[in-house]
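Turn this into a model:
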Amino acid sequence: MTHNVLHIDSSARIEGSVSRDLSASIVAHLGGTVIRRDLTNALPQITADWVGANFTSADQRDALQRDTLALSDELVQEVEAADIIVIGAPIYNFSVPASLKAWIDLIARAGRTFRYTEKGPEGLLGGKRAIIAVASGGTEVGGDADFASKYLTFVLNFIGITDIEIIAADQVMVHGETAVEQAKAKIEHLAA
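Predicted coordinates:
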């Protein structure tokens, strides 16, 4: 059975990026049909106009509001079409790159990827798998200073994606190539 993979990279570095190398290895290991979203060319930040359009009922939006949400709609459709989402995420200053935060802001949409119920928020994108390739220079993934992998896990859960695996090459400036080799070994054991 073939699957659809959404491959997202958020490192500002094109060459020499550990998270890009790991995410590419994961995608190659999984196979399938791949949609590529490279966040090197920054996505726009949400604005008051975007918020207004987002909170206007879809059937009530005017042409300008539909245009304002067009990119967000495209990004959401990419996530909806994916069976597996692979995210390359370096840790920048203990968190995710601004480009990845912008992507999250554009796909986390009330009524579209999650909804509010009497019991609290409910994610609408269940049945998907996410694999996050995390790289850091000095931050221990899962440690107290790691706000990146914890945040990504929380956000993905929030929109309904609960099958999440983290492949980490952390503390590369401390452990060097050993950290990268350990991450690559984990990739070899991923189920396709």
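
Please identify the helix or strand for Pro44.
Using DSSP states H and E, Pro44 is not contained in any helix or strand.

Low-confidence regions, this protein specifically.
Counting by pLDDT under 70, the chain shows low-confidence ranges at 1, 192.

Just give me the residue closest to the centre of it.
Closest residue to the average C-alpha location of the chain: Ile87 at 4.7 Å, with CA atoms, centre = their mean.

Next, that one: secondary structure please.
strand (DSSP: H, G, I helix; E, B strand; the rest coil).

ok, and the closest non-adjacent residue to Asp83?
In space, Asp83 comes closest to His3 once its chain neighbours are excluded; the distance is 4.1 Å by CB to CB, 6 or more residues apart in numbering. Every residue, glycine included, has its C-beta placed from N, CA and C.

from what I can see that neighbour touches Ile84, true?
Yes - assessed by CB atoms under 8 Å, His3 is found in contact with Ile84 at 5.9 Å.

okay, these two: which has more neighbours?
For His3 versus Ile84, neighbours defined as other CB atoms under 10 Å are more numerous around Ile84 (22 against 14).

who are the neighbours in contact with the more buried one?
Residues near Ile84 by CB atoms under 8 Å, 6 or more residues apart in numbering: 3-6, 30, 32, 128-131.

Buried subset of those residues as a PyMOL selection?
Those of those that count as buried under 16 or more other CB atoms under 10 Å are selected in PyMOL with:
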select buried, resi 4+5+6+30+128+129+130+131
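
Next, format the contacts of Ile84 as TSV and append distance to Ala185.
Listed next are these as TSV, based on distance: CB to CB, whole Å:
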residue	distance to Ala185
His3	23
Asn4	26
Val5	21
Leu6	24
Leu30	16
Gly32	22
Lys128	25
Arg129	20
Ala130	20
Ile131	15
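
Which ones among the contacts of Ile84 map onto helices?
Taking DSSP state H as the definition of helices, the contacts of Ile84 contribute Leu30.

Quick check on the closest residue to Lys128 other than its chain neighbours: phi, psi?
Once flanking residues are discounted, Lys128 sits nearest to Ile161: 4.9 Å by CB to CB, 6+ apart. The phi and psi values for Ile161, taken as degrees, to the nearest 10, are phi -90, psi 110.

Would you confirm that Ile161 contacts Gly126?
Yes - Ile161 is within contact range of Gly126, at 7.2 Å (criterion: CB under 8 Å).

Please, where are all the helices along this structure?
Using DSSP H, helices in the chain cover 18-30, 48-54, 63-68, 70-81, 98-107, 148-158, 172-175, 177-188.

Run the chain-centre distance for the longest one.
Which is helix 18-30. 14 Å (CA atoms, centre = their mean, to the nearest Å).

Just the buried residues of that helix, please?
18-27, 29-30.
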